[in-house]
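>>> Have a look; sequence and predicted model below, questions after that.
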Amino acid sequence: MQKSQIVLPSAFIRSNFLPLLLAFFLSLITAGCAYKDIDKRAFVMSIGVDPAPEKKPEAEDDRRDQDVYEVTLKVAIPTSDIKSGENLFVLFSATGKTIAEAIQKVMPMIEGNLDFSHTKIIFFSKSLAEDVKLRDLIDWFIRMETIQDIALVALAEPTAKDVLSLSPPTERLPANSLFTALDGSGTTAPTIAHSPLIDVYRRLYEPGLDPSLPIVQTVGKKNYKITRAALFDKERLKLILDPEETEWFNFLAGSTSNVTLGDVPKGYFFHVDPNRASSRFTLRQTPQGKLTIVWHLDLNGSIDERQGKPVSDKEKIGAEVRRLAEQKTRDLTEKLLQHRLDPLGFGFEYRTRKPKKKDFAAFQKMYPQLQISVETRTVIYETGNLIR
Amino acid sequence: MQPRFIIYLFAVNALMNGIGFVPRILLTGRHDGAYAALLGAFLLNLFIILFIFRLLRRFPQKDLSSILAETIPPLLRVPLMIYFVLQWLIAGSLSVIMVAEISAKYLNVGASGLTILYLFIILVLTAARLRSDRVLFALELSFIMTLPLLFLIVIATFTTQGILWKSIVILLGEGGLPDWEQLSAASYVYIGYINILLFNKVIQSTFRLWKLIIGIMVIFILYLFLFSLPIALLGTEAVAHYHYPWVITADSLRIEHAPIERAFYPALIGYLNIALLNTIVHWHVTLEFLKSLRPASGQARSTQTTGAKEKSAQSTDAKQKPAQGGGMPLLPKKENLWQSLMMRLEFWVLAAYGLTLLPFVYNRLPIDLFYELNRWWLRFLLPNELLALLLLVWSAWRTSGSAQQKQKRSRRKRHTRTA
């Protein structure tokens, strides 16, 4: 009995115990490098990039040293319990010739180590997007391993700093309000499109598919609205859609089906059902050799409200809705063609038919002259609680 | 052991593609025939694999080196085995470096890759010196526990918006013929079976070959999906901008209603685990093949000491369990240091390589160099496969007379066992 008691531990030591012990001690070392305690980190919830305020150059040579970007970081102050309205945060700003340089300048301003793993929204101010190439703006963000690729990108108006300093009364966590609005998990407002970082980057390089970003505007000191979309070519901001166009644009892009069509003077308000409306397009070669974009719209909706005249003739209303939808689609598509912008992916669709680069170059040449036709199917399948 | 363990040998390579350079090599050639390469590699490997498994049935319970020992003179056998050992060593080294690099880059941001590499190498060395059958058991357990993590990716593709499957139509429409490098890179997915050249000594080859065909087809379809997803998600152009397209793909997937919104971390941990298993298997094969290179006298001595114990303890089991393979204690009591060192010389050589040379190289050289190395290693992949096949054919031809009789006998035995 005594012997076996001695044998057991020694056999254990003699087997694989030693390397495991070594591995355990080595793993203690790593704790020092990577795992900074959570209270020694500063969680950056969102980042805003503005043009740097212009300094007056004293000499010609000074112009070279002028900073380009002003980067603002929204750093969360962790609280023990989550309460509405207690969204504590601090803003840190610094300027630099590159975004990385500006962020490097923020680091000594705060005691914790900057942690970008919770960065969920990236704002560029509108004026910056007009001047600087989007490819340059986005480079640092896509290059950083720690920033999520599903972080959302948006334009800010008037400046990114203003949008970052907003703190809506309904907000529980810093920057959560805007994130919930922009990623579509909260509101289903039709004017809000979702543009994850990875999608923006893809569109910057994909032939026949251009990026588009939502614009966040401040309202007062506490609130915001997201009603417009900014369309880019492969380099810069080219076109800003007004709210009505944005709504329809999002419907055509397939990112929402929650659109409303209506004419209050004519007495109805047609609401397209989010689950049953769809839009898609095909490309068709006419016998004359002209390429046509054919929109297939399925508008299955309900009448949400009427003012004045009772809804008597559903057929008539259906025809009116169809006319309105076709008008909107045609106008918007024409606008895109004229500006040579392709956020809906006409060129991408063309490439699926003719993948050769030569063909695509020819397509780009004839892009503004493309024909448009719209095929709409409308079903008014309900009128709410009321029969009339 | 049951033939189901072959599945894990296959899976360890097929699923580790995300970690490593294979997607990058294939995706750089996406405009000229990457899909043709996938198809070509599938057909080519289907034939090679079927052929090799067919031939291995003639050598039950034997690994490559003991097969060659009977049919090829030692003067030729030793350099050949050293060549194979080097190939396996490089394969394992590349994957453990990838694991360290990616986990330092994406998982433990800010940690030094060197420390992580040391940790992983110690783990791999510890596991690689186990007995062959235990390596397989560990492989099975670890793999089954990792599998749910890997399937997160598949689930996440259904919930992520913005996946453009039409991008694949574009690339398919471009056509083009693959070059050698792409064909080899696409073959890497199937190459896991090659470890059977060692594990044949513990795995019974009593299974129908059509099961193998189905398995390979499953891998092919799975890999078509795994290859297409980055293109559909990252774009036909931007996908070639990344070092590790698959890691980025995992990062851009989003599960909205899940405990963790990002599918990235669990999936990445799963893939890293598979890559680590890959290294363990490769280095185990390296170690075992190195051991088989020992001159006969040394081998006899080492088997004497271990064999004697086993015989005294469990004489009935000793026949079924293969005598080769580690399982030996690191620091035995009864011998002096020199003897024990010499007994485990192969392990200490591998350990010295893994703990000094590899971290040194990893620390000094840019990761692009490993990309080049990986490309070169891949270029030798198909020739190596064919070489192994040729050697087996040669051995089968040399031993055809006697082996057939043996085979008949062993088959009869198996039938009686199952019945």
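Yep, it's here. Since this is a predicted model, take the numbers as computed values, not measurements.
>>> So which bits of the stretch 251-388 of chain A are right by chain B?
A:255, A:348-349, A:351-356 (CB under 8 Å from any CB of the partner chain). All C-beta atoms are positioned from the backbone trio N, CA, C, and that covers glycine.
>>> Let's see that with 7 Å instead.
Within reach of chain B by CB under 7 Å from any CB of the partner chain, the stretch 251-388 of chain A has these residues: A:348, A:351-352, A:355.
>>> Let's see if you can find the most crowded of those.
Ranked by neighbour count (other CB atoms under 10 Å in any protein chain shown), these have residue A:351 at the top, with 27 neighbours.
>>> quick one, what contacts that residue?
A:207-208, A:360, B:170 (CB atoms under 7 Å, 6 or more residues apart in numbering or on different chains).
>>> and those, which of them are in helices?
A:360, B:170 (DSSP state H).
>>> If you rank the contacts of residue A:351 by neighbours, which is first?
Neighbour counts for the contacts of residue A:351, by other CB under 10 Å, peak at residue B:170, which reaches 25 neighbours.
>>> ok now do that residue, which residues does it touch?
With CB under 7 Å, 6+ apart, residue B:170 has these contacts: A:351-352, A:355, B:236.
>>> Show the pLDDT at it.
Looking at residue B:170, its pLDDT reads 89.
>>> same deal with residue B:290?
89.
>>> quick one: it from residue B:356, how far?
Plainly put, residue B:290 is 17 Å away from residue B:356 if you go by CB to CB, to the nearest Å.
>>> neighbour-wise, which of the two wins?
residue B:290 (20 against 10).
>>> Can you give me the neighbour number for the nearest residue to residue B:269 once chain neighbours are set aside?
Excluding the flanking residues, the one nearest residue B:269 by CB to CB, 6 or more residues apart in numbering or on different chains is residue B:149, at 6.3 Å. For residue B:149, the neighbour count with other CB under 10 Å is 19.
>>> Isn't residue B:149 up against residue B:271?
No - between residue B:149 and residue B:271 there is no contact under CB atoms under 7 Å: 8.1 Å.
>>> which residues sit in contact with the residue in the stretch 101-250 of chain A positioned nearest to chain B?
Distances between the stretch 101-250 of chain A and chain B by CB to the nearest CB are smallest at residue A:202, namely 3.4 Å. Applying CB under 7 Å, 6+ apart, we find residue A:202 in contact with B:234-235, B:238.
>>> Just send the residues you listed back as JSON lines, with neighbour count too.
Output for the contacts of residue A:202, formatted as JSON lines (neighbours: other CB atoms under 10 Å in any protein chain shown):
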{"residue": "B:234", "neighbour count": "29"}
{"residue": "B:235", "neighbour count": "24"}
{"residue": "B:238", "neighbour count": "22"}
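>>> tell me which helix or strand of chain A sits lowest on mean pLDDT?
helix A:2-12 (a mean of 47; mean pLDDT, DSSP states H and E).
>>> Residue A:304 is in contact with residue A:269, isn't it?
Yes - the criterion here is CB under 7 Å, and residue A:304 meets it with residue A:269 at 4.8 Å.
>>> Verify the assumption that the residue of the stretch 101-250 of chain A closest to chain B is located in a helix.
Yes - assessed by DSSP: H, G, I helix; E, B strand; the rest coil, residue A:202 belongs to a helix.
>>> okay, the closest residue to it other than its chain neighbours: pLDDT?
Among residues not flanking residue A:202 along the chain, residue B:235 sits closest, at 3.4 Å (CB to CB, 6+ apart). Looking at residue B:235, its pLDDT stands at 89.
>>> ranges for the helices of the stretch 51-200 of chain B?
Here the stretch 51-200 of chain B has its helices, by DSSP state H, counting those that start in this stretch, at B:64-71, B:74-102, B:113-128, B:132-159, B:166-174, B:180-187, B:196-199.
>>> Residue of the stretch 1-150 of chain B nearest chain A, please.
Closest point on the stretch 1-150 of chain B to chain A, by CB to the nearest CB, is residue B:111, at 3.3 Å.
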